[in-house]
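Visitor: Below are the sequence and a predicted model; questions follow.
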Amino acid sequence: MKNAIVLIFLMLPIFLYAQQKVEGFSGSTTPVQDADLIPHLKKDDGYGEKYTFNAEFSGTDRFYFSYQITNLGAGEFKMTAKGSLKLGDRTFQWKTNELELDDKEWSYSKSNIDISAEGIRLHGNIDQLIFDIKKDDFEIQLEFTPIAKAWKPKNGKILSANKVSSYVVFPLTNAKGFFKKGEEKIDLNGKGYGTHSWSQLGPHEQFTWGSQFRGIQEDANQSFYFRQLKTHGDYEKKEIFYLVATDQDKIIAECFDAQITTSQVYTDQKHDNKYQVNENFEIKCKDSRSGAEIIAQIKANQQSARKNPLANLSWIVRKAAETVSKPMEYVYNKASYELKVGSKGISGKNGMYEINYFNAEQ
């Protein structure tokens, strides 16, 4: 009996530090439902949910819309709603008055897509998303209808032990509406795209780093996305990946396991952790439906931004945050890309490539 007790104590550190299982996207690709976009509002301390949508019109005119819900910090279900509309040399911006609204200052429907915060509203369904922004001096209404339907990687979920992270992509939509200011009214007509994600864990709790890429060819109605995530810490080390490309209303490429070969790497010599970013690289994978080979070339030679997400926090809050994460974001907004699958392909020179580090490699 005594030997058994000793053995238990000897094994205890193993149980305490055993990395928990991670399961990447699994099963077959399932259709996106309205319920996927209704706020999930989990009680976990690390819970967060993000809605990000963009539209591009003629010239440099563009629209940006964001909701972010979080439990990080004091309080639950805090909301930040913000966005902008650029029209020629004018930019109209909106943001909730407080840095974060508590759960009594914004509202949502539990049965359909309808979220509202201080005159900033998203409602409708996955085939007709409507953005209504009503501020004191201007009004915007924009409707997204799909060219390529909303998509999620397989079941859309990563399971880290019993904690869920979920992802949805809106590859390409028509975007139509209006801007109104006083007697002035401008019709808006272009192309839109977006993403939605939520997780029961903060990114620093489960990921070392993550990267995502978006390439849009509005005139040709084509889109190309990939996301790569590396788990760490309390969770087993695993690289999780998805790639999807669309042409008109068809998915032409879809894969979840890739071989990535890098020919150029950027090292951040200014950061203590010396984070490294793949700048020029090749992705090879097999289409999950047909087995056809997919080859994508990415060249990101011009870094447009290097940002510390904690930089604007107070000294005390920043130092506290840095005890669990030392994040850095790197952005390349003119990455060139070329994707081929069989006889079909997509290419462009204005891809958006973002890399987020949360912690050093372990």
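Guide: Nice, thanks for sending it over. Since this is a predicted model, take the numbers as computed values, not measurements. Numbering: from 1, shown residues only.

Visitor: for residue 333, what are its contacts?
Guide: 304, 305, 350, 352, 353 (CB atoms under 8 Å, 6 or more residues apart in numbering). In this view, the C-beta of every residue, glycine as well, is placed from N, C-alpha and C.

Visitor: Please pick the buried ones from the residues you listed.
Guide: 352, 353 (16 or more other CB atoms under 10 Å).

Visitor: tell me the least confident of the contacts of residue 333?
Guide: Lowest pLDDT among the contacts of residue 333: residue 350, with 93.

Visitor: Next, that residue: secondary structure please.
Guide: strand (DSSP: H, G, I helix; E, B strand; the rest coil).

Visitor: Look up the closest residue to it, ignoring the ones flanking it.
Guide: Nearest residue to residue 350 in three dimensions, chain neighbours excluded: residue 334, at 5.7 Å (CB to CB, 6 or more residues apart in numbering).

Visitor: what's the answer for residue 326, then?
Guide: Residue 326 sits nearest to residue 273 (CB to CB, 6+ apart), 6.1 Å away.

Visitor: Just to check, residue 142 is in contact with residue 62?
Guide: No: if you go by CB atoms under 8 Å, residue 142 and residue 62 don't touch, sitting 11.4 Å apart.

Visitor: These two: who's more crowded?
Guide: residue 142 (24 against 15; other CB atoms under 10 Å).

Visitor: Return the set of buried residues in stretch 228-237.
Guide: 228, 229, 230, 231, 232, 233, 235.

Visitor: Quick check: the farthest pair among those residues?
Guide: 228 and 233 (17.5 Å; CB to CB).

Visitor: just the helices in the stretch 1-150 of the chain please.
Guide: With DSSP state H, counting those that start in this stretch as the criterion, the stretch 1-150 of the chain has helices at 2-17.

Visitor: show me where it has strands.
Guide: 22-23, 48-56, 62-70, 78-87, 90-95, 107-108, 113-117, 120-125, 128-134, 139-148 (DSSP state E, counting those that start in this stretch).

Visitor: Settle this for me: residue 69 is touching residue 81, isn't it.
Guide: No: at 9.6 Å, residue 69 does not count as touching residue 81 under the criterion of CB under 8 Å.

Visitor: Just the pLDDT for residue 120.
Guide: Reported pLDDT for residue 120: 96.

Visitor: Could you do the one 3 residues further on as well?
Guide: The predicted local confidence for residue 123 comes out at a pLDDT of 98.

Visitor: swap in residue 49?
Guide: 96.

Visitor: Quick check: buried residues in the helix or strand that contains residue 331?
Guide: Following DSSP states H and E, one finds residue 331 within strand 328-341. For strand 328-341, the neighbour count (16+ other CB under 10 Å) marks 328, 330, 331, 332, 334, 335, 336, 337, 338, 339, 340, 341 as buried.

Visitor: That strand: how far from the chain's middle?
Guide: Relative to its parent chain, strand 328-341 has a centroid offset of 15 Å by CA atoms, centre = their mean, to the nearest Å.

Visitor: Show me what that strand pairs with in its sheet, parallel or antiparallel.
Guide: Neighbouring strands of strand 328-341 in its sheet, by DSSP bridges, are strand 293-299 (antiparallel), strand 305-307 (antiparallel), strand 344-357 (antiparallel).

Visitor: Mind listing residues that contact the second one?
Guide: Yep, that's strand 305-307 we're talking about. 268, 328, 329, 330, 331, 333.

Visitor: repeat that with 7 Å
Guide: 329, 330, 331 (CB atoms under 7 Å, 6 or more residues apart in numbering).

Visitor: Correct me if wrong: the last one contacts residue 304.
Guide: Yes: between residue 331 and residue 304 a contact is recorded at 5.2 Å, counting by CB atoms under 7 Å.

Visitor: Can you list the low-confidence ranges for the stretch 201-350 of the chain?
Guide: 313, 317 (pLDDT under 70).

Visitor: which residue ranges form the strands in it?
Guide: According to DSSP E, counting those that start in this stretch, the strands that the stretch 201-350 of the chain contains are 207-217, 222-231, 239-247, 250-255, 259-267, 276-286, 293-299, 305-307, 328-341, 344-357.

Visitor: Name every strand pairing with the fifth one and say which way it goes.
Guide: Right, strand 259-267. strand 276-286 (antiparallel).

Visitor: Which of the residues in the partner strand are classified as buried?
Guide: Buried residues in strand 276-286 (16+ other CB under 10 Å): 277, 278, 279, 280, 281, 283, 285, 286.

Visitor: what does the domain assignment say about the protein?
Guide: Per automatic domain parsing, the structural domains of the chain span 28-201, 203-362.

Visitor: Nearest to residue 91, out of the strands paired with strand 328-341?
Guide: With CB to CB as the yardstick, what comes closest out of the strands paired with strand 328-341 is strand 305-307 (18.0 Å).

Visitor: from the chain's centre, how far out does that closest one sit?
Guide: So, by CA atoms, centre = their mean, the centroid of strand 305-307 is 17 Å from its chain's centroid.

Visitor: cool, stretch 180-197 as well?
Guide: For stretch 180-197, the separation from the chain centroid amounts to 21 Å (computed by CA atoms, centre = their mean).

Visitor: which residues are in contact with that stretch?
Guide: 37, 50-57, 87, 137-139, 142, 144, 166-179, 216, 218, 223.

Visitor: Can you select the buried ones among those residues for me in ChimeraX?
Guide: The buried subset of the contacts of stretch 180-197, as determined by 16+ other CB under 10 Å, is captured in ChimeraX by this line:
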select :37,51,52,53,54,55,56,57,87,142,144,166,167,168,169,170,171,172,173,175,176,177,179,216,218,223
